[in-house]
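>>> Show me the folded form of this:
(chains A and B)
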Protein chains: 2
Amino acid sequence: MTVYNFAAGPATLPDPVIKQIQAELPSINSSGMSIMEISHRSKLFDDIINEAEQDVRDLMHVPDNYHVLFFQGGGTGQFAAVPMNLATKHKRIALLDSGHWATRAGDEAANLGYQVDVLASTKDQHYHALPQLDKAISANDYDYLHITTNNTIEGTAYHQLPEHGDVTLVGDLSSNFMAEQYNVSDFGLIFGGVQKNLGPAGVTLVIVRDDLVQPVDHIPSILNYNLFVKKNSMYNTPPVFNIYATGLVLKWLKDQGGIAGIEKVNRQKAALLYDFLDESTLFANHIKASDRSLTNIPFSTGNADLDTQVINSAKEAGLMNLKGHRSVGGLRASLYNAMPLAGVQALVDLLHNFEKQH
Amino acid sequence: MTVYNFAAGPATLPDPVIKQIQAELPSINSSGMSIMEISHRSKLFDDIINEAEQDVRDLMHVPDNYHVLFFQGGGTGQFAAVPMNLATKHKRIALLDSGHWATRAGDEAANLGYQVDVLASTKDQHYHALPQLDKAISANDYDYLHITTNNTIEGTAYHQLPEHGDVTLVGDLSSNFMAEQYNVSDFGLIFGGVQKNLGPAGVTLVIVRDDLVQPVDHIPSILNYNLFVKKNSMYNTPPVFNIYATGLVLKWLKDQGGIAGIEKVNRQKAALLYDFLDESTLFANHIKASDRSLTNIPFSTGNADLDTQVINSAKEAGLMNLKGHRSVGGLRASLYNAMPLAGVQALVDLLHNFEKQH
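Down below sits the predicted model:
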């Protein structure tokens, strides 16, 4: 039975990548050593991390005045790192509250002593649409504006970035990183854990404009951008295996025609499911059409017992991890880069049959 | 050619572990999904992390009033986390300066605003022996005493813990974690990256007595012990693959007779090399006999060109990564748990032959 994994992250990875990791696990590049065993100070790993960085640059067309950095600690680590490194002038951050992870980012910054102004929120609309700024903001007031480009739990995404005046834009791209095209130059900083679209959990990618990287004292070194820039992401031992695996996913992504190529497929996949849901008399997705995520699609019958039946039927058919986040309920299909169109077709077929039977 | 990898970390792993990871990489536990793809909220991963925790408890005889936690960020992350979580009363730390990593730990704490008192140092002896306290210290003055149980670069290890009165002892065990026996109850807290004796880089193990875990505000969540205790090390997405791989190494370690069993082998391995070095007329190790490390053995001919020749000959014979740390020079053999006795014998044979020819 073909298994399709709709988990929200850690998530499905490309088959050829898993096969390559498996094949070369005992000996990387004829070294006689596993990738898990090689020194991060070796020429071998230097090539791997430099290639991964270059592939990020190629894929996202990263301008030369941006650094590409590899951290540990996930998005949650960056919720602390970003204010500690960037909110040095006003110690004041603007935030658009688009859901759970935006709230978490704000809470972390506030807990660390920064003023966090939530300038717009769609909480009272159950986050079924995205918040937008309704007044101009200025860099005289804020060190940056934080947005979550894709809301993993709520199923929304900024396909157009909100207006932000001269305020530096910081984007948490965790759940649509390289799943759709953004202009890096629209942001001062982008970050995201790789465990949704780009690799196994354990690596956090940060892309930051060089003028924003300043010597900052009195913060933990593992969250210090300036140190990581100086040491090429190897201030301390990096997660060697995870960076290697991420590098292979980046090469796979290039083979798919880069982000433009994969976005096209992602739009087909999402359209297949949204079109079904919109025509369905049983299932529904309640997100405002223009704000719908390509990568995370929550839906429901409106009946918790029936939702559970669907989830169980799907599981029996090899369609895994469709249970919605506990805060939303229902179902959620995560259609990250490595999910093939055939997986979404299998899901739609199953939903269709279920609908006919009920 | 059999390759033996003497790298100081990331380092050699047990062959059976690499083979098992390779075999089950496409499908963990018949799930049809790779361990890299499964959710950290799944029953499958819950079992993996809980077993890993239990195996740590079994192997180190961890008392019930200690938590076993898995972090990201390495020892360097803990250099920040330990003072942030533990130095809440006096904001004052005692430190024994046994070398590079002890210094780094002290520098990180000082940079974060804690007072760090270096109570003894063997810097003027080139760290060829371990510092010991020559006066009593008190918990009325210090939140804890920091020691590095094994000094990876300098090649020393505390086989007997220093006197520390009623002051909480914190041990950075990174490079001899589970390579020799320590009583957990002698410490308030133990930490270490796993990438030397216990797994691939990307996991940091922390064992901490429960009374030391207090709610601490205003610190990054990814370094907050209290949050990690509450969430069973899953406050945010953990490095799933790395914890899984570490779990397999722990099971392998149990098969070797646990830490008592592996320490016996480690003592044989170290004795084989030290005995050769002590009898050699060409090579020497300068560490005080009682302070010699079991896991990291620096040595040299005293002639940099000759050292380079040895390193190159060894490399040709498949004995890799013997170059000493740049701050010490010469050679260094790291004999972690997964290095077989045969590897050390091959090294000694090569050194012996080299000596005869010179």
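>>> CA atoms for contacts and neighbours, from now on please.
OK.
>>> Give me every residue in the stretch 151-300 of chain A lying close to chain B.
A:200-202, A:217-222, A:236-241 (C-alpha under 8 Å from any C-alpha of the partner chain).
>>> Could you chop chain A up by domain?
A:15-255, A:258-357 (the TED database).
>>> Touching, A:Ala157 and A:Asp291? I think so.
Yes. Counting by C-alpha atoms under 8 Å, A:Ala157 does reach A:Asp291; the two are 5.5 Å apart.
>>> what about the two, which has more around it?
A:Ala157 (25 against 18; other C-alpha atoms under 10 Å in any protein chain shown).
>>> If we ignore the residues flanking it in sequence, what's nearest the more buried one?
A:Asn150 (4.1 Å; C-alpha to C-alpha, 6 or more residues apart in numbering or on different chains).
>>> what's the distance between that neighbour and A:Gly74?
Distance, A:Asn150 to A:Gly74, using C-alpha to C-alpha, to the nearest Å: 16 Å.
>>> quick one: the helices in the stretch 151-300 of chain A?
Here the stretch 151-300 of chain A has its helices, by DSSP state H, counting those that start in this stretch, at A:225-230, A:240-255, A:258-279.
>>> neighbours around A:Pro215, how many?
Based on other C-alpha under 10 Å, the number of other residues close to A:Pro215 is 10.
>>> That one contacts A:Phe228, correct?
No. Using C-alpha under 8 Å, A:Pro215 is not in contact with A:Phe228; the gap is 10.9 Å.
>>> Pick out whichever of A:Asn150 and A:Gly74 has more residues nearby.
A:Asn150 (30 against 25).
>>> Let me see the contact set for that one.
Taking C-alpha atoms under 8 Å, 6 or more residues apart in numbering or on different chains as the criterion, A:Asn150 is in contact with A:Thr156, A:Ala157, A:Tyr158, A:Asp172, A:Leu173, A:Ser174, A:Ser175, A:Asn176, A:Ser293.
>>> gap between the second one and chain B?
In this structure, A:Ala157 and chain B are 21 Å apart, going by C-alpha to the nearest C-alpha, to the nearest Å.
>>> sorry, back to before: of the residues of the stretch 151-300 of chain A next to chain B, which is the nearest to A:Gly261?
Among those, A:Pro200 lies closest to A:Gly261 (C-alpha to C-alpha), at 21.9 Å.
>>> shouldn't that closest one be in contact with B:Ser39?
No. If you go by C-alpha under 8 Å, A:Pro200 and B:Ser39 don't touch, sitting 10.6 Å apart.
>>> what touches both of those two?
A:Pro10, A:Ala11.
>>> Neighbour count: those two, which is higher?
More neighbours surround A:Pro200 than the other of A:Pro200 and B:Ser39, with 31 against 25 (other C-alpha under 10 Å).
>>> In contact with the more buried one, which residues?
A:Pro10, A:Ala11, A:Val194, A:Asn242, A:Ala245, A:Thr246, B:Met36, B:Glu37, B:Pro239, B:Val240, B:Phe241.
>>> Which one of the residues you listed sits in the busiest neighbourhood?
Comparing these by number of neighbours (other C-alpha under 10 Å), A:Ala11 comes first, having 31 neighbours.
>>> Show me the strands in chain A, by range?
For chain A, the strands defined by DSSP state E occupy A:4-5, A:66-71, A:92-97, A:115-121, A:144-148, A:150-151, A:156-157, A:169-172, A:189-193, A:204-209, A:296-299, A:319-320, A:331-334.
>>> just to revisit the earlier point, please determine how far the residue nearest to A:Ala157 is located from chain B.
From A:Asn150 to chain B the distance is 17 Å (C-alpha to the nearest C-alpha).
>>> got it, and A:His164?
Taking C-alpha to the nearest C-alpha, one finds A:His164 at 27 Å from chain B.
>>> mind checking how far that residue is from A:Tyr144?
Distance, A:His164 to A:Tyr144, using C-alpha to C-alpha: 9 Å.
>>> And A:Leu272, by the same measure?
Distance, A:Leu272 to A:Tyr144, by C-alpha to C-alpha: 37 Å.
>>> In terms of neighbours, single out the busier of the two.
A:Tyr144 (28 against 16).
>>> dump the residue contacts of that one.
A:Leu86, A:Ala87, A:Arg92, A:Ile93, A:Ala94, A:Val167, A:Thr168, A:Leu169, A:Val170.
>>> Report the contact partners of the second one.
Meaning A:Ala87. Applying C-alpha under 8 Å, 6+ apart, the residues near A:Ala87 are A:Ile93, A:Tyr114, A:Asp143, A:Tyr144.
>>> State the pLDDT value of A:Ser233.
Looking at A:Ser233, its pLDDT reads 95.
>>> Thought A:His67 was touching it, still the case?
No. If you go by C-alpha under 8 Å, A:Ser233 and A:His67 don't touch, sitting 10.1 Å apart.
>>> returning to that earlier point: so which of the strands of chain A is nearest B:Leu319?
It's strand A:66-71; of the strands of chain A, that one is closest to B:Leu319 (C-alpha to C-alpha) at 30.5 Å.
>>> what's that closest one packed up against?
When contacts are defined as 3 or more C-alpha pairs under 8 Å, 6 or more residues apart in numbering or on different chains; DSSP states H and E, strand A:66-71 packs onto helix A:43-60, strand A:204-209, helix A:225-230.
>>> Report the inter-axis angle for that strand versus helix A:43-60.
Interaxial angle, strand A:66-71 versus helix A:43-60 (axes from the mean of the first three to the mean of the last three C-alpha atoms, to 10 degrees): 130 degrees.
>>> Starting from strand A:66-71, tell me which strands it pairs with and how they run.
strand A:204-209 (antiparallel) (DSSP bridges).
>>> ok, A:Thr76 - contacts?
A:Ala105, B:Ser221, B:Ile222, B:Asn236.
>>> From those, keep the buried residues only.
A:Ala105, B:Ser221, B:Ile222, B:Asn236 (16 or more other C-alpha atoms under 10 Å in any protein chain shown).
>>> Mind putting the residues you listed into a markdown table with distance to A:Ala129 and pLDDT?
Output for the buried ones among the contacts of A:Thr76, formatted as a markdown table (distance: C-alpha to C-alpha, whole Å; pLDDT from 0 to 100):
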| residue | distance to A:Ala129 | pLDDT |
| --- | --- | --- |
| A:Ala105 | 19 | 98 |
| B:Ser221 | 29 | 98 |
| B:Ile222 | 30 | 98 |
| B:Asn236 | 26 | 96 |
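>>> Kindly indicate which of those lies nearest A:Ala317.
For the buried ones among the contacts of A:Thr76, the nearest to A:Ala317 is B:Asn236 (29.9 Å; C-alpha to C-alpha).
>>> A:Gly77 is in contact with the closest one, correct?
No. Using C-alpha under 8 Å, B:Asn236 is not in contact with A:Gly77; the gap is 9.0 Å.
>>> Find residues that contact each of these two.
By C-alpha under 8 Å, 6+ apart, the residues touching both B:Asn236 and A:Gly77 are B:Ile222.
>>> can you name the farthest residue from the center of chain A?
Residue farthest from the centre of chain A, counting by C-alpha atoms, centre = their mean, is A:Gln357 at 36.0 Å.
>>> list the contacts for that one?
Here A:Gln357 is in contact with no residue (C-alpha under 8 Å, 6+ apart).
>>> what pLDDT does the residue in the stretch 51-200 of chain A that chain B sits nearest to get?
Nearest residue of the stretch 51-200 of chain A to chain B, counting by C-alpha to the nearest C-alpha: A:Leu112, 4.5 Å away. Listed pLDDT for A:Leu112 reads 98.
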